[in-house]
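Enquirer: Structure for this input, please:
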Amino acid sequence: MPTINFRPTTASRRNMSIMDHSGLTKKSPEKSLLISKKKHSGRNSYGRITVRHRGGGNRRKYRVIDFKRRKFGTPAKVLSIEYDPNRSAFIALLQYEDGDKSYIIAPEGLKAGDTVVSGKDADIRPGNALPLESIPVGTFIHNVELYPGKGAQLARAAGIMAQLMAKENGLALLRLPSGELRNVPLGCMATVGQVSNIDHENLKVGKAGRKRHMGWRPTVRGSVMNPNDHPHGGGEGKAPIGRPGPVTPWGKPALGYKTRSRKNPSNQFIVKRRNGK
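Expert: Numbering: from 1, shown residues only. Predicted structure coming up:
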């Protein structure tokens, strides 16, 4: 769906854009698939803040998503395409022939009234879920399982898709959106197509108040703090950080560092890492 850009009537409107939701067919969610979602404001079980800049925001209900798609051979009609405040992609409400309802992540091109099905005999159409062994090489997929029966863990964000590159020795070689090449067991389920809401990456928040609605509290730059509050702080006037790279208030690299164990058992399934090594 396209984005809507506002006329620059105020400073915040000048750089604000929102998603055009005219293509969504239902505003209120299915009550039977809602559960309450408690806020923690970045605090752990001891009440200590372990993730900063979180708190407030609009109230949300969690939509229970079917990531396993284990209702094989039973066609389901798409009742509606809906907005989900808990994820960047849109979701689709399905009703199976036996009356059961469930939510799935909506692929691009899926519309209300369409029919989807899961199983090894399903057609290669957006929204249908099949084991990787039944999907042709070269197909674009999303909602990919890492372990059979566990539920989808890969390629679930808006506009994302992975590609099935090869099948050999009981494993499927996938090219993930990050560029990583990874082997996944052929018994894992995946959904055909690209995740909906492709233009999500083009959205501009525009103003601080809208960020507060999302549950994000203000962030203060370390360079404007005192040296006893942040490693970037201090100095006369606007001073550089004085280090090879930016760090957190506790001196750790702020742009990320590798935390993956070299002895991780799943390392054997990674053919090529996202950084090309």
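Enquirer: Surely Val78 is within a strand?
Expert: Yes. The assignment for Val78 is a strand, going by DSSP: H, G, I helix; E, B strand; the rest coil.
Enquirer: Burial check on the closest residue to it other than its chain neighbours, number of neighbours?
Expert: Once flanking residues are discounted, Val78 sits nearest to Asp114: 4.7 Å by C-beta to C-beta, 6 or more residues apart in numbering. To be clear about C-beta, it is placed using only N, CA and C from the backbone, and glycine gets the same treatment. By other C-beta atoms under 10 Å, the residues close to Asp114 number 16.
Enquirer: Check the one 4 residues further on too.
Expert: Here the number of neighbours of Ser118 (other C-beta under 10 Å) works out to 24.
Enquirer: Identify the residues contacting it.
Expert: 69-73, 128-130, 189 (C-beta atoms under 8 Å, 6 or more residues apart in numbering).
Enquirer: what pairs with the residue nearest to it when sequence neighbours are not counted across the strands?
Expert: The shortest distance from Ser118 to any residue other than its chain neighbours is 3.8 Å, reached at Ala129 (C-beta to C-beta, 6+ apart). Judged by DSSP bridges, the bridge partners of Ala129 are Ser118, Thr191.
Enquirer: can you give me the mean pLDDT across the lengthiest helix in the chain?
Expert: Longest helix in the chain by number of residues (criterion: DSSP state H): helix 208-213. In this model, helix 208-213 carries a mean pLDDT of 95.
Enquirer: So for that helix, what gets flagged as buried?
Expert: For helix 208-213, burial by neighbour count (16 or more other C-beta atoms under 10 Å) applies to Lys211.
Enquirer: Name the next helix or strand downstream of that helix, please.
Expert: Per DSSP states H and E, the first helix or strand lying C-terminal to helix 208-213 is strand 270-272.
Enquirer: Which residues does that next one contact?
Expert: Under C-beta under 8 Å, 6+ apart, the answer for strand 270-272 is 173, 179-183.
Enquirer: just checking, which of those belong to strands?
Expert: 173, 181-183 (DSSP state E).
Enquirer: want to try TSV for the residues you listed, with pLDDT and distance to Ser102 as columns?
Expert: Formatted as TSV, the ones in strands among the contacts of strand 270-272 follow (pLDDT from 0 to 100; distance: C-beta to C-beta, whole Å):
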residue	pLDDT	distance to Ser102
Leu173	97	30
Leu181	96	32
Arg182	95	28
Asn183	97	29
